[in-house]
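K.L.:
Take this sequence and fold it.
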Amino acid sequence: MLKFTTRYWLFLALLFSIKGFSQDQPIPLSLTDAERAWLVDHPVITFAADPFFSPIEFYNEEGQFSGITQDYLTYIAKQLNVTFKPVKTDSWAESVDLVRNGKVLMLSSELKTPENTNYYEFSKPHIIFPTVILARENVIRQQKYEDLSGKRLTVVQGYPDIDLIRESYPDIELLEVATVVDALRMTAFGQADATSISQPVASYYIEKEGITNLHVVGVADYVSHASFAINKEHAVLAHILSKVLDAMPKQEVQEIFNRWVLLKADLNFDYGPLIKMSIVAGLIILLLIAWIYQTQTQKRRLQREISMRQSKENELNHVMEELQKVNRQLEVAIITDPLTGVMNRRGFYDLLNTELSRVMRYGGEAALLMMDIDHFKVINDTHGHRAGDSALHEFTLVCKNVIRSIDVISRIGGEEFAVMLPNTNIESAVILAERIREAVEGISIEVIRGMKIRMTVSIGVASYENNDDADAFIHKADQALYFAKNNGRNQTICYHDLQNQHQDHSN
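P.N.:
Predicted structure coming up:
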């Protein structure tokens, strides 16, 4: 979770930035004849946005466009007597293409950069927000962009700050992804060293996705100014929107900000322990007063108070039972992958260490499968992340149908999965791996109506040997998987076979 103090000051920075955009009193709106004529000719103004940029802009569960930008557009539409019509896309890059190709009039929130001025006419900024650097909890000291030289930094594809970072810090390895969630997950899972992202957006998705191991390690040395970006052919619209923003009352701007950002910052402080302590202290005081009062009353009053006390105790027991139930649900959620419903990397490592401790103490056998969906990046890049998510879900269901009830499947990260096989020798593990591979080969996923794709999987198999710890066990299976993927894919490779081949070559 983001540190409270860090987020508090960043929210204050965003607060003062947005406050500065409007005057205390509304300015009269004065449009030229040409501007009024353009509005008459364009009663419906189409726009595209970043579908995953909460709370700035996003599509809610009902598919409606929402966020700070939408509140601005609602206000502007009333002032100009026009309708703003969102054109929904699957990614920011798709939204940019629509506006640059003239299929949509404007982007609802874009940064003004030297390159972007070649494509758009910009209104005055309507939002200013800081950009922060996020890393895993094991990164303690503060970081700047120059500290990330030679490291992997995730950024959302199509965002203007990519060019700023690439030009100023060429030694940073930029990993471009489709969405904010992808950037956060890759950093949380260790596939990247850090991510650069808007602070309020990062705050929103970290809470929504339940990511617990990321925190702010630095603030960018620039501030992002978001404006309405209009296709050059309709540049007059940029001047119209700037006039409305200039005339927008300060109170209206503040109300929009309060709805989406300020209240969220206050909620980051955990008042739960304080409330519980207050409740317990209050109950203790009430019980003491009741006890003193009971010693001075008649027998009937005493019996009534005892009855009330028993009722309170029953209620408290009920609350405790509900709390224990919620805690159990949270424990499951922490070790569960939200997309596929199988165990995540954290839960898998804990379970593997427990199983290896059991084998070392009592004896027995254990095997491990490391699996990687072949050409998964092609599925994402060609058909979109919805198709990728569907492929991961179908792959998991097929594996569950093949493995035994005592076997445990886990999503290690991205398209990589692992299966722990207790009480299993290497021969049985290879047979099971082949069953999974053949079952996956038969999957057919419909990505669009009438178009289906097929998947294959590469599998590495290893068995437990004396004194293997979890890392050594996984490393052996990973080596076999690496050999399978680099020698044709869609095959099962056993680590022990690789060892035998190596010994044969040595002899």
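K.L.:
In which helix or strand does the residue nearest to the spatial centre of the chain reside?
P.N.:
By CA atoms, centre = their mean, the chain has its centre lying nearest to V181, at 3.1 Å. In the assignment (DSSP states H and E), V181 maps to helix 180-188.
K.L.:
ok, whichever helix or strand comes after that helix: who's next to it in the sheet?
P.N.:
The helix or strand immediately downstream of helix 180-188 is strand 194-198, counting by DSSP H and E. According to DSSP bridges, strand 194-198 forms sheet pairs with strand 127-136 (antiparallel), strand 152-156 (parallel).
K.L.:
right, so of those, which gets closest to Y119?
P.N.:
Nearest to Y119, of all the strands paired with strand 194-198, is strand 152-156, at 18.0 Å by CB to CB. Glycine gets a C-beta too; all of them are placed from N, C-alpha and C.
K.L.:
one step back: for the helix holding V181, list every residue counted as buried.
P.N.:
Judged by neighbour count using 16 or more other CB atoms under 10 Å, the buried positions of helix 180-188 are 180-188.
K.L.:
same question, stretch 293-302
P.N.:
With the criterion 16+ other CB under 10 Å, stretch 293-302 contains no buried residue.
K.L.:
Quote the end-to-end distance of it.
P.N.:
By CA to CA, to the nearest Å, the extent of stretch 293-302 from end to end equals 9 Å.
K.L.:
Provide the contact partners of it at residue level.
P.N.:
The contact list for stretch 293-302 (CB atoms under 8 Å, 6 or more residues apart in numbering) reads 305-306.
K.L.:
what's the answer for stretch 462-472, then?
P.N.:
349, 352-353, 356, 359-360, 365-368, 370, 424-426, 429, 473, 476-477, 480, 494-496.
K.L.:
change it to 7 Å
P.N.:
Stretch 462-472 is contacted from outside by 349, 352-353, 356, 359, 365-368, 425-426, 429, 473, 476-477, 480, 495-496, using CB atoms under 7 Å, 6 or more residues apart in numbering.
K.L.:
Quick one: buried ones out of the residues you listed?
P.N.:
Among those, those classed as buried by 16+ other CB under 10 Å are 349, 352, 356, 359, 366-368, 426, 429, 473, 476-477, 480, 495.
K.L.:
Among those, list the two that are farthest apart in space.
P.N.:
Spatial extent of these (CB to CB) is set by the pair Y349 and I426 at 22.1 Å.
K.L.:
Can you add secondary structure, pLDDT and distance to G63 and give the buried ones among the contacts of stretch 462-472 back as JSON lines?
P.N.:
Shown next, in JSON lines, are these (DSSP: H, G, I helix; E, B strand; the rest coil; pLDDT from 0 to 100; distance: CB to CB, whole Å):
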{"residue": "Y349", "secondary structure": "helix", "pLDDT": "91", "distance to G63": "38"}
{"residue": "L352", "secondary structure": "helix", "pLDDT": "91", "distance to G63": "41"}
{"residue": "L356", "secondary structure": "helix", "pLDDT": "90", "distance to G63": "47"}
{"residue": "V359", "secondary structure": "helix", "pLDDT": "89", "distance to G63": "50"}
{"residue": "A366", "secondary structure": "strand", "pLDDT": "93", "distance to G63": "47"}
{"residue": "A367", "secondary structure": "strand", "pLDDT": "95", "distance to G63": "45"}
{"residue": "L368", "secondary structure": "strand", "pLDDT": "96", "distance to G63": "42"}
{"residue": "I426", "secondary structure": "helix", "pLDDT": "93", "distance to G63": "50"}
{"residue": "A429", "secondary structure": "helix", "pLDDT": "94", "distance to G63": "45"}
{"residue": "F473", "secondary structure": "helix", "pLDDT": "93", "distance to G63": "45"}
{"residue": "K476", "secondary structure": "helix", "pLDDT": "94", "distance to G63": "47"}
{"residue": "A477", "secondary structure": "helix", "pLDDT": "94", "distance to G63": "42"}
{"residue": "A480", "secondary structure": "helix", "pLDDT": "94", "distance to G63": "44"}
{"residue": "Y495", "secondary structure": "helix", "pLDDT": "93", "distance to G63": "48"}
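K.L.:
sec struct for S278, please.
P.N.:
Secondary structure assignment for S278 (DSSP: H, G, I helix; E, B strand; the rest coil): helix.
K.L.:
how close does it sit to L31?
P.N.:
Separation of S278 from L31 (CB to CB, to the nearest Å): 57 Å.
K.L.:
what about the residue nearest to the residue nearest to the centre of the chain when sequence neighbours are not counted, neighbour count?
P.N.:
Nearest residue to V181, sequence neighbours excluded (CB to CB, 6 or more residues apart in numbering): Y205, at 5.7 Å. Applying other CB atoms under 10 Å, we find 22 residues neighbouring Y205.
K.L.:
swap in Y159?
P.N.:
Neighbours of Y159 (other CB under 10 Å): 25.
K.L.:
All further residue positions should be reported with the first residue as 2.
P.N.:
All set: I'll call the first residue 2, so the last point we hit is now Y160.
K.L.:
what's it in contact with, if anything?
P.N.:
Taking CB under 7 Å, 6+ apart, we find Y160 in contact with W93.
K.L.:
That one: what secondary structure?
P.N.:
coil.
K.L.:
With F418 instead?
P.N.:
strand.
K.L.:
residues in contact with it?
P.N.:
372, 410-412.
K.L.:
Go again with 8 Å.
P.N.:
The contact partners of F418, taken as CB under 8 Å, 6+ apart, are 343, 371-373, 396-397, 400, 410-412.
K.L.:
R438 too?
P.N.:
457-458, 460, 491-493.
K.L.:
Centre of the chain to the helix or strand where N315 lies, how far?
P.N.:
In this assignment (DSSP H and E), N315 forms part of helix 300-335. On the basis of CA atoms, centre = their mean, to the nearest Å, helix 300-335 sits 36 Å off its chain's mean C-alpha point.
K.L.:
what angle do the longest strand seen in the chain and strand 128-137 make?
P.N.:
The residue-count maximum for a strand in the chain (DSSP state E) belongs to strand 215-232. On the basis of axes from the mean of the first three to the mean of the last three CA atoms, to 10 degrees, strand 215-232 is oriented at 140 degrees to strand 128-137.
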